[in-house]
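J.: sharing a sequence plus its predicted fold:
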Amino acid sequence: MDFTGRSLAAEPYLTILPEDLTCADAASGNSGRALQCDGGIAYTADLYDRVRGHRLFWGPYIALPAGVYLVRFGGRVEGEFSVDFAHRDGNFRLASATLRDFAKYVCVVLREPVKDLEVRGIKTPRLRSLRLEAVAVHRAYAAPKEARLSENGGHAARDAALHRVASAR
C-alpha cells in the first residue's frame, strides 16, 4: 500500500508493545488467568470467555502530533476483533474498526495533537482467539507548521491529505 508516495513497509513512526498496554485480567487482579504472556497478548474464547466486560486491553496514553496515521496490528486473529482509538480520558473516540485479520491498516486522523491516545481492544461475540504481538503506527501525513495558520483554521492542508489518502484506496 502506498498513500504518500513512499512505502508503508518502512519503519513505523512508533511501535506499541503488549507490555505498554493494560490487560483486562491484570487490571482485575486475576493474575492466574492473565491475558498477557510470552511477549504478546493472548486470548482464547474457550479459556477467557469470563473476562468481565468487552475490553481486552487498553492504553498506552501517548502523545501524538496532528496528522494522518495508519495503524497495523501484528499477530493473528480468528473471528472478529474490534479496536477503538480515543483520547481525552477515553471520552472522545477518534476511530474504530472491526478486524477479521491483521492484513489491513486502520486509518486514524488527528486533527489536533493529542496528549493521551488510547488504543482499546474489544472482544466481540465472534472472537475465537487473538494473539497481539505489536501495534505499528505509521505516520502517513503530518501537517506542516504553516497549515496551522492557514485559512479555514489549518483545515485546508488536512483536507488535501485526506483526499490523497481516500483517492489511494
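T.: Looks like it arrived, so ask away.
J.: going along the chain, name the strands of the chain.
T.: With strands called from DSSP state E, the chain shows them at 14-16, 22-23, 36-37, 40-44, 55-64, 67-78, 81-87, 92-99, 106-110, 114-123, 129-141.
J.: shaky segments in the protein?
T.: 1-9, 25-38, 48-53, 145-169 (pLDDT under 70).
J.: just to revisit the earlier point, put together TSV for the strands of the chain, with mean neighbour count on each row.
T.: C-beta here means a position set from N, CA and C on the backbone, and glycine is covered the same way. Compiled in TSV, these are given as follows (neighbours: other C-beta atoms under 10 Å):
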stretch	mean neighbour count
strand 14-16	16
strand 22-23	20
strand 36-37	15
strand 40-44	20
strand 55-64	18
strand 67-78	19
strand 81-87	21
strand 92-99	15
strand 106-110	20
strand 114-123	20
strand 129-141	20
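J.: show the backbone phi and psi for Leu21.
T.: For Leu21, the backbone dihedrals (degrees, to the nearest 10) come out as phi -110, psi 160.
J.: ok, it - contacts?
T.: Leu21 makes contact with Gln36, Ile41, Phe57, Trp58, Gly59, Pro60, Val119, Gly121, according to C-beta atoms under 8 Å, 6 or more residues apart in numbering.
J.: ok, Asp101 next?
T.: Contact partners of Asp101, counting by C-beta under 8 Å, 6+ apart, are Arg76, Val77.
J.: now swap in the one 5 residues further on and tell me
T.: Applying C-beta under 8 Å, 6+ apart, one finds that Val106 lies in contact with Leu70, Val71, Arg72, Phe73, Val83, Phe85, Ala95, Ala97, Leu99.
J.: quick check on the residue nearest to Pro65 when sequence neighbours are not counted: phi, psi?
T.: With C-beta to C-beta, 6 or more residues apart in numbering as the criterion, Pro65 has its nearest non-adjacent residue at 5.0 Å, and that residue is Pro113. Dihedral angles of Pro113 (phi, psi; degrees, to the nearest 10) stand at phi -60, psi 150.
J.: what's the burial count for Pro113?
T.: Neighbours of Pro113 under the rule other C-beta atoms under 10 Å: 12.
J.: over to Asp89?
T.: Residues near Asp89, counting by other C-beta under 10 Å, number 9.
J.: distance of the nearest residue to it once chain neighbours are set aside from Ile122?
T.: Leaving aside its sequence neighbours, Asp89 sits nearest to Asp116 (C-beta to C-beta, 6+ apart; 6.9 Å). Asp116 sits 18 Å away from Ile122, going by C-beta to C-beta, to the nearest Å.
J.: now swap in Leu64 and tell me
T.: Distance check for Leu64 against Ile122: by C-beta to C-beta, it reads 21 Å.
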